[in-house]
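based on what follows, work out the 3D shape:
(one chain, ligands or ions: 2)
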Amino acid sequence: MFKQSIIQGSCGCGQWQVNVRVDRPIDDLNPRICDCDYCRAYPSAIISDPSMEIDLTGGEFTFDQNGDRLAKFYRCKSCGDLLAVGCFIEDVLRGAVSSSLFGENYRFGEPLHIQPWLLSSKERLKRWGKLWGMLNGIEKT
Ligand SMILES: [Zn+2]
Ligand SMILES: [Zn+2]
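Ligands and ions are numbered 1, 2, ... in the order given. Sure, this is the predicted structure:
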């Protein structure tokens, strides 16, 4: 029976380490590429699963927020790499992790293109609540 996948990576400069545990095979995780203006300007792909525990350890971060400012895009302060996208849902920081932190070490599923702006803010929060994992080690309420 399948138990748990563990994937590990770091940002480009190595200041941030990420350790992810997820109750799913790695090739079952589809990197999601958002087609909004912000994400086209700063290309990224994120992976998540409701069973995912994303543990970030490292130094300093910055973040930006796009559009309706619902989610935060956390970046390494030193190299600028995207670490994760997160949002407080019922006081818990939930999120999705940037798949580029893992280099070529893992074979993820096929990338999916998403158009989250087609959903209202309320619908998006609901969707993230079902899709995103726990984002630990970066920010508290
Ligand atoms: Zn870095
Ligand atoms: Zn986007």
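
is the lengthiest helix in the chain positioned near ligand 2?
Among the elements of the chain assigned as helix by DSSP state H, the one spanning the most residues is helix 121-131. No - applying Cβ under 5 Å from the ion, one finds that helix 121-131 is not in contact with ligand 2, the shortest distance being 10.6 Å. From N, CA and C alone the C-beta is placed, and that goes for glycine too.

in that helix, what's buried?
Neighbour counts using 16 or more other Cβ atoms under 10 Å place Arg124, Leu125, Trp128 of helix 121-131 among the buried residues.

now render those residues as JSON lines, adding pLDDT and distance to ligand 1.
As requested, the buried residues of helix 121-131 are exported to JSON lines (pLDDT from 0 to 100; distance: Cβ to the ion, whole Å):
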{"residue": "Arg124", "pLDDT": "93", "distance to ligand 1": "28"}
{"residue": "Leu125", "pLDDT": "93", "distance to ligand 1": "29"}
{"residue": "Trp128", "pLDDT": "95", "distance to ligand 1": "25"}
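
list the buried residues of the least confident helix or strand in the chain by mean pLDDT.
Sorted by mean pLDDT, DSSP states H and E, the helices and strands of the chain end with helix 37-41, the least confident at a mean of 89. Going by neighbour count (16+ other Cβ under 10 Å), the buried part of helix 37-41 is Cys39.

who are the packing partners of it?
Contacting helix 37-41 under the criterion 3 or more Cβ pairs under 8 Å, 6 or more residues apart in numbering; DSSP states H and E is no other helix or strand.

what residues does the chain put near ligand 2?
Taking Cβ under 5 Å from the ion as the contact definition, the chain meets ligand 2 at Cys34, Cys36, Cys39.

which parts of this structure are strands?
With strands called from DSSP state E, the chain shows them at 5-10, 17-22, 32-34, 46-47, 53-57, 61-65, 72-76, 82-89, 92-98, 112-114, 133-136.

adding mean pLDDT, distance to Ser120 and mean neighbour count, write those out as JSON lines.
Listed next are these as JSON lines, based on pLDDT from 0 to 100; distance: least, Cβ to Cβ, whole Å; neighbours: other Cβ atoms under 10 Å:
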{"stretch": "strand 5-10", "mean pLDDT": "97", "distance to Ser120": "32", "mean neighbour count": "17"}
{"stretch": "strand 17-22", "mean pLDDT": "98", "distance to Ser120": "28", "mean neighbour count": "19"}
{"stretch": "strand 32-34", "mean pLDDT": "95", "distance to Ser120": "16", "mean neighbour count": "19"}
{"stretch": "strand 46-47", "mean pLDDT": "98", "distance to Ser120": "20", "mean neighbour count": "24"}
{"stretch": "strand 53-57", "mean pLDDT": "98", "distance to Ser120": "26", "mean neighbour count": "20"}
{"stretch": "strand 61-65", "mean pLDDT": "95", "distance to Ser120": "17", "mean neighbour count": "15"}
{"stretch": "strand 72-76", "mean pLDDT": "97", "distance to Ser120": "19", "mean neighbour count": "22"}
{"stretch": "strand 82-89", "mean pLDDT": "96", "distance to Ser120": "15", "mean neighbour count": "23"}
{"stretch": "strand 92-98", "mean pLDDT": "97", "distance to Ser120": "18", "mean neighbour count": "23"}
{"stretch": "strand 112-114", "mean pLDDT": "95", "distance to Ser120": "15", "mean neighbour count": "12"}
{"stretch": "strand 133-136", "mean pLDDT": "98", "distance to Ser120": "23", "mean neighbour count": "20"}
